[in-house]
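Participant: one predicted model, sequence on top.
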Amino acid sequence: PSAPGHLLDLDDPVLREVLAAFETRRLDPNERLFEQGEPGRSLCLVQEGSLKLTRTTAAGRANLLAVLGPGDTVGEMSLLDGNERHGTVTALAPSVVLELSQARFDRWLLEQPAAAPLLLQHLSRRLRTSNDVIADLVFADVPTRVARLVLKLADQLGARDERDIVVVEHQLTQEELAQLVGAARETVNKALSNFARRGWLELGRRSLTVLDVDRLRRFAL
Ligand code: CMP
């Protein structure tokens, strides 16, 4: 099986053949990989860097759905159901993405018996995650949700040093952090400042440093 949460494990022998068909694409910060509403033309695998997935609602409100890091796959939904791209993906940092064209993807799915189970696993996992997000929105208070988000970003994008301090250069605005939590910016800022006052983390401009992962984890339970 691939790494937890990852559709494609690059060391998987099943992928050896299809990997040759991926094309490398480099993105600068703020450059778009694709846009909501476009037809899907490729499946993308993040190799380096970080990107954000935003979705504009029918009422015109932008919402940040996810931050993508190395190992994450994006863009399979429109290839599978023929609908338009469900959101816009934009680079947050200099990023390298591997892209597989729709034609190659379709062929892989038809010809490689291990491909469909991999994709179904991936979609099941995404549904589980989405259900957890819904449960958090219904049951968890904002400070708990903020603590969980910080831990998740640290896990996904953080660089840990030898003293167990994790620097997270997330590149997100306060508004975007608030969208990921699903709460007002002021409430999210208050929770972050509170954690900073307790010495659990340090806030930077579009970055944060987790100083006490254990305390934050206990709080997030
Ligand atoms: P697609 O619709 O082609 O383009 C947008 C992509 O975002 C979509 O495929 C999925 O790969 C991905 N996506 C959609 N919803 C989520 C989500 N909640 N979390 C992470 N990725 C998502």
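Facilitator: Received, thanks.
Participant: how about the strand or helix carrying Arg128 and the ligand, touching?
Facilitator: Arg128 is part of helix 115-139 when elements are defined by DSSP states H and E. Yes - using Cβ under 6 Å from any ligand atom, helix 115-139 reaches the ligand at 126, 130. Heads up, the C-betas are built off the backbone N, CA and C, glycines and all.
Participant: and after that helix, which helix or strand comes next?
Facilitator: helix 142-157.
Participant: immediately after that following helix, which helix or strand?
Facilitator: Assigned by DSSP H and E, the successor of helix 142-157 is strand 159-160.
Participant: show me what the helix or strand following that next one is packed against.
Facilitator: Per DSSP H and E, strand 159-160 leads on to strand 166-168 as the next helix or strand towards the C-terminus. Strand 166-168 sits against helix 142-157, strand 159-160, strand 207-210, with contacts defined as 3 or more Cβ pairs under 8 Å, 6 or more residues apart in numbering; DSSP states H and E.
Participant: next, the buried residues of the helix or strand just after strand 166-168.
Facilitator: Under the assignment DSSP H and E, the closest C-terminal helix or strand after strand 166-168 is helix 174-181. For helix 174-181, burial by neighbour count (16 or more other Cβ atoms under 10 Å) applies to 176-181.
Participant: can you tell me which of these is nearest Asp161?
Facilitator: Among the buried residues of helix 174-181, Leu177 lies closest to Asp161 (Cβ to Cβ), at 22.9 Å.
Participant: Ala115 versus the closest one, what's the distance?
Facilitator: From Leu177 over to Ala115 the distance is 36 Å, taken as Cβ to Cβ, to the nearest Å.
Participant: one more: Glu17?
Facilitator: Look at Glu17 and Ala115: by Cβ to Cβ, they are 11 Å apart.
Participant: more neighbours: which of the two?
Facilitator: Taking neighbours as other Cβ atoms under 10 Å, Glu17 and Ala115 compare with Ala115 leading, 18 against 11.
Participant: you'd agree the more buried one is up against Asp106?
Facilitator: No - contact criterion Cβ atoms under 8 Å: Ala115 and Asp106 do not qualify, at 10.2 Å.
Participant: burial measure for the closest residue to Val146 other than its chain neighbours, as a count.
Facilitator: Nearest non-adjacent residue to Val146, counting by Cβ to Cβ, 6 or more residues apart in numbering: Ala191, 4.1 Å away. Ala191: 21 surrounding residues under other Cβ under 10 Å.
Participant: what sits against Ala191?
Facilitator: Counting by Cβ atoms under 8 Å, 6 or more residues apart in numbering, Ala191 touches 142-143, 146-147.
Participant: quick check on the residues you listed: which are buried?
Facilitator: Buried subset of the contacts of Ala191 (neighbour count, 16+ other Cβ under 10 Å): 142-143, 146-147.
Participant: what's the burial count for Asn63?
Facilitator: Neighbourhood size, Asn63 [other Cβ under 10 Å]: 14.
Participant: likewise Leu151?
Facilitator: Using other Cβ under 10 Å, the number of residues around Leu151 comes to 19.
Participant: these two touch, right, it and Leu221?
Facilitator: No - counting by Cβ under 8 Å, Leu151 stays clear of Leu221, with 10.7 Å between them.
Participant: hang on, the earlier thing: just want the angle from the helix holding Arg128 to helix 174-181.
Facilitator: Angle of helix 115-139 versus helix 174-181, following axes from the mean of the first three to the mean of the last three Cα atoms, to 10 degrees, is 100 degrees.
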